[in-house]
Every structure is written in C-alpha cells, then in structure tokens.
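**Student:** model the following, please.
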Amino acid sequence: MTKINEKEENNRTKQLGLKVREDFYWKVKELALKRRCHIVELIEESVELFQIKERERERVKVAKKLS
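**Tutor:** Numbering: from 1, shown residues only. Just a heads-up that it's a prediction; the model follows:
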C-alpha cells in the first residue's frame, strides 16, 4: 500500500448517509436554495461555525474558572 500525502487525502470524499426528519430536511433544503448552494456545503459551513462557537464557549468557561 502506498502512503498518501496529506494534500491528496484532504481531496478525498466519504459517503455520509443520514436519515433525518422530514421537517428538518425541508428546512435544510430551503436554506441551501436561498443561499444557492449544495446541502453538503451548508452542512460543512454549519459544522465550522459550530466548532468556532464551541471554542468560544470553552474560552468563556476557562475565563470564569480563572476569575
């Protein structure tokens, strides 16, 4: 087996099959249509924003402990 460099590995995709409630599906579909993007792009950006929010929560939590 050959070693894959990091750049090549980042370009690969993985299948992510999800079953969601119908109301959630249409909510996500509507948001994607409004932004004129694919659902997967909306999900990717949402995860990035979630991670930013989680890091901020952790900073606040640490700051409260220090004060």
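**Student:** pLDDT score for T2?
**Tutor:** Note for T2: predicted pLDDT of 50.
**Student:** which residues touch stretch 25-43?
**Tutor:** V20 (C-beta atoms under 8 Å, 6 or more residues apart in numbering). Every residue, glycine included, has its C-beta placed from N, CA and C.
**Student:** what mean pLDDT does the helix or strand containing V60 have?
**Tutor:** Element membership of V60, judged by DSSP states H and E, is helix 39-66. Averaged across helix 39-66, the pLDDT comes to 94.
**Student:** and the gap between the residue minimising distance to the centre of the chain and E54?
**Tutor:** With distances taken as C-alpha atoms, centre = their mean, the residue of the chain nearest its centroid is V47 (2.1 Å). V47 sits 10 Å away from E54, taking C-beta to C-beta, to the nearest Å as the criterion.
**Student:** circling back to that earlier point, can you pull the buried residues of the helix holding V60?
**Tutor:** Buried residues in helix 39-66, counting neighbours by 16 or more other C-beta atoms under 10 Å, are found at L42.
**Student:** any idea how far K65 lies from R55?
**Tutor:** 16 Å.
**Student:** now Y25
**Tutor:** In terms of C-beta to C-beta, Y25 sits 29 Å off from R55.
**Student:** quick one: the residue nearest to the centre of the chain from K14, how far?
**Tutor:** Distance from V47 to K14, by C-beta to C-beta: 14 Å.
**Student:** same check on I39?
**Tutor:** Look at I39 and K14: by C-beta to C-beta, they are 16 Å apart.
**Student:** how close does K64 sit to T13?
**Tutor:** Counting by C-beta to C-beta, the gap from K64 to T13 is 40 Å.
**Student:** again with E48
**Tutor:** In terms of C-beta to C-beta, E48 sits 17 Å off from T13.
**Student:** and V47, by the same measure?
**Tutor:** From V47 to T13 the distance is 15 Å (C-beta to C-beta).
**Student:** what does K34 give?
**Tutor:** 25 Å.
**Student:** settle it for me: which of those two has more neighbours?
**Tutor:** Using other C-beta atoms under 10 Å as the criterion, K34 and T13 rank with K34 on top: 9 against 6.
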